[in-house]
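Student: Would you be able to build a 3D model of this:
(one chain, ligands or ions: 4)
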Amino acid sequence: MKDNNSGKSSLLREEKEEKILVDPYGRKVTGLRISITDRCNLSCMYCHNEGADCCSCGPVGHEMSPELICGIVREAAKFGVSKIKFSGGEPLFRKDFEDILACLPPLKEVSATTNGIMLEKRAKTLKAAGLDRVNVSLDTLNSEKYGKITGAPPGTLEKVIKGIDSAVEAGLTPVKLNMVLLKGINDNEIDDMMDFTRPYKGKVILQLIELMNIAPELSKYTIDSKALEKSLEERASEVRVRHLHHRKKYIINGVEVEFVRPMDNSEFCANCSRLRITADGKLKPCLLVHDNLVDAREAKTPEEIEKLLRLAVSRRRPYYTPIIGIEELEKKRRQEKYIKRSKNKATEK
Ligand SMILES: Nc1nc2c(ncn2[C@@H]2O[C@H](COP(=O)(O)OP(=O)(O)OP(=O)(O)O)[C@@H](O)[C@H]2O)c(=O)[nH]1
Ligand SMILES: C[S@@+](CC[C@H](N)C(=O)[O-])C[C@H]1O[C@@H](n2cnc3c(N)ncnc32)[C@H](O)[C@@H]1O
Ligand code: SF4
Ligand code: SF4
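Tutor: Ligands and ions are numbered 1, 2, ... in the order given. This is a model prediction of the structure:
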């Protein structure tokens, strides 16, 4: 009788136990950020290319097949991963993007980040294939500046704006406009971008992004993002906090403005819930770490994929961590000295 009961309760426990992926720092992985190509038709002055070695350098033949992408997502979904972000390079370079979308298992959200140039023609088919929403990179509304930032030929900005309209029409909403802030180039355009966003009446969100200093020559374009965020807060009628990265959203004159502040931000990293996948099929624990990738290209069975996912998750660590202040350090040192002295006294006795 006793045995039966304990057997039953352990079975119940197993049934109740949620299968999840948690890293050594207690961060649950609920999303995948999948790069599906390194190819791109722009050469933005700041591009981190999702941590790949360089933009436009990945040979097409090395790109993951729809089968491999969907196999990894299917396995990750069994462990509570419910949000997928497709990125690149330029994800719309993949002619089979619709095929990739069509083979995904049911998920809470499937989105993509694109430069928008090829979005006008694809918005409807992408939506029909299962894409829920898009983020479109748009740093400026000035054609000349757009060309300077992205290296694009004249007329490209107009294509991007048509792409945004098509995405809204197709229901790939809310569309987020990604504006990377560059001191002396576009930091005077934030209000113009809000004015551009407002007429879409909530179907478009403005996302302001702090520049990640991936190269020394970019330092001069870094804005004071803390001061900017404070001024946004002062202007906001409402402030919301997202679970992902604990990012803040400010409602200003009817426009939703999300702020992405990744640099030296330990709170951002502490709330990082995505595992990355490179275009050539490597599981990447962090955007900024390049020596701990896990190759998943040869994985054939669900068991193999699960093993590799677990290995990659076990290698995750927050890139930025809180720095202990001088006072705390002093306190810690005094405590350690005190403990050492007490121990010595105890052994002397
Ligand atoms: N450091 C760092 N930056 C990130 C991370 N995820 C996104 N970003 C940056 O956030 C900015 C916006 O990225 P998007 O691809 O548009 O997507 P997102 O805002 O992260 O995702 P959603 O808001 O859910 O659409 C880009 O500049 C990314 O480089 C991350 O995990 N680490
Ligand atoms: C690498 S791009 C790939 C997707 C697509 N090609 C695009 O530009 O939207 C993804 C996002 O990262 C942003 N990004 C790239 N380099 C960045 C950097 N150094 N700092 C902040 N954001 C950056 C881009 O502006 C874009 O919104
Ligand atoms: S469009 Fe995207 S991937 Fe291409 S260079 Fe610009 S930021 Fe990088
Ligand atoms: S740990 Fe930090 S830097 Fe690394 S991917 Fe997560 S949020 Fe980005």
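Student: If you drop the residues flanking it in sequence, what lies closest to the residue in the stretch 151-300 of the chain that ligand 1 sits nearest to?
Tutor: Residue nearest to ligand 1 within the stretch 151-300 of the chain (C-beta to the nearest ligand atom): residue 262, separated by 3.5 Å. In this view, the C-beta of every residue, glycine as well, is placed from N, C-alpha and C. Sequence neighbours aside, residue 268 is the residue nearest to residue 262 in space, at 5.3 Å (criterion: C-beta to C-beta, 6 or more residues apart in numbering).
Student: Straight-line length of stretch 240-258, end to end?
Tutor: End-to-end span of stretch 240-258 (C-alpha to C-alpha, to the nearest Å): 9 Å.
Student: How about the secondary structure of the residue of the stretch 151-300 of the chain closest to ligand 1?
Tutor: coil (DSSP: H, G, I helix; E, B strand; the rest coil).
Student: so it makes contact with residue 210?
Tutor: Yes. With contacts counted by C-beta atoms under 8 Å, residue 262 reaches residue 210, the gap being 6.3 Å.
Student: So these two - more neighbours on which side?
Tutor: Neighbours per residue (other C-beta atoms under 10 Å) separate residue 262 from residue 210, with residue 210 holding more: 22 against 19.
Student: Strands along the stretch 1-150 of the chain, start to end?
Tutor: Using DSSP state E, counting those that start in this stretch, the strands of the stretch 1-150 of the chain run over 31-35, 83-87, 109-114, 133-137.
Student: would you list those strands in a markdown table and tack on mean pLDDT?
Tutor: Converted to a markdown table, the strands of the stretch 1-150 of the chain look like this (pLDDT from 0 to 100):
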| stretch | mean pLDDT |
| --- | --- |
| strand 31-35 | 98 |
| strand 83-87 | 98 |
| strand 109-114 | 98 |
| strand 133-137 | 98 |
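Student: quick one, which of those is nearest to ligand 4?
Tutor: So among these, strand 31-35 is nearest, using C-beta to the nearest ligand atom, at 8.3 Å.
Student: can you give me the angle the closest one makes with strand 109-114?
Tutor: The directions of strand 31-35 and strand 109-114 differ by 30 degrees, with axes from the mean of the first three to the mean of the last three C-alpha atoms, to 10 degrees as the criterion.
Student: so which of the strands of the stretch 1-150 of the chain gets nearest residue 156?
Tutor: strand 133-137 (11.7 Å; C-beta to C-beta).
Student: Give me the residues contacting that closest one.
Tutor: Residues from elsewhere that reach strand 133-137 (C-beta atoms under 8 Å, 6 or more residues apart in numbering): 44, 109, 111-116, 119, 123, 126, 160, 163-164, 167, 172-178, 180, 207.
Student: Narrow those residues to those in helices?
Tutor: Of the contacts of strand 133-137, the ones assigned to helices by DSSP state H are 119, 123, 126, 160, 163-164, 167.
Student: In space, what's closest to residue 62 - neighbours in sequence excluded?
Tutor: Nearest to residue 62 is residue 280, by C-beta to C-beta, 6+ apart, at 4.3 Å.
Student: measure that neighbour to ligand 4 for me?
Tutor: According to C-beta to the nearest ligand atom, to the nearest Å, residue 280 and ligand 4 sit 18 Å apart.
Student: burial of that residue, as a residue count?
Tutor: 19.
Student: Over to residue 51?
Tutor: Look at residue 51: counted by other C-beta under 10 Å, it has 17 neighbours.
Student: Disregarding residues adjacent in the polypeptide, which is nearest to it?
Tutor: Nearest residue to residue 51 in three dimensions, chain neighbours excluded: residue 287, at 4.6 Å (C-beta to C-beta, 6+ apart).
Student: Please apply the same query to residue 78.
Tutor: Using C-beta to C-beta, 6+ apart and skipping the chain neighbours, the partner closest in space to residue 78 is residue 19 (6.3 Å).
Student: ditto for residue 171
Tutor: residue 127 (5.7 Å).
Student: now the strands of the stretch 1-150 of the chain in JSON lines, with mean neighbour count and distance to residue 300?
Tutor: As requested, the strands of the stretch 1-150 of the chain are exported to JSON lines (neighbours: other C-beta atoms under 10 Å; distance: least, C-beta to C-beta, whole Å):
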{"stretch": "strand 31-35", "mean neighbour count": "23", "distance to residue 300": "19"}
{"stretch": "strand 83-87", "mean neighbour count": "22", "distance to residue 300": "22"}
{"stretch": "strand 109-114", "mean neighbour count": "20", "distance to residue 300": "25"}
{"stretch": "strand 133-137", "mean neighbour count": "23", "distance to residue 300": "32"}
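Student: Which among those strands is found nearest to residue 145?
Tutor: Per C-beta to C-beta, nearest to residue 145 of the strands of the stretch 1-150 of the chain: strand 133-137, 13.5 Å.
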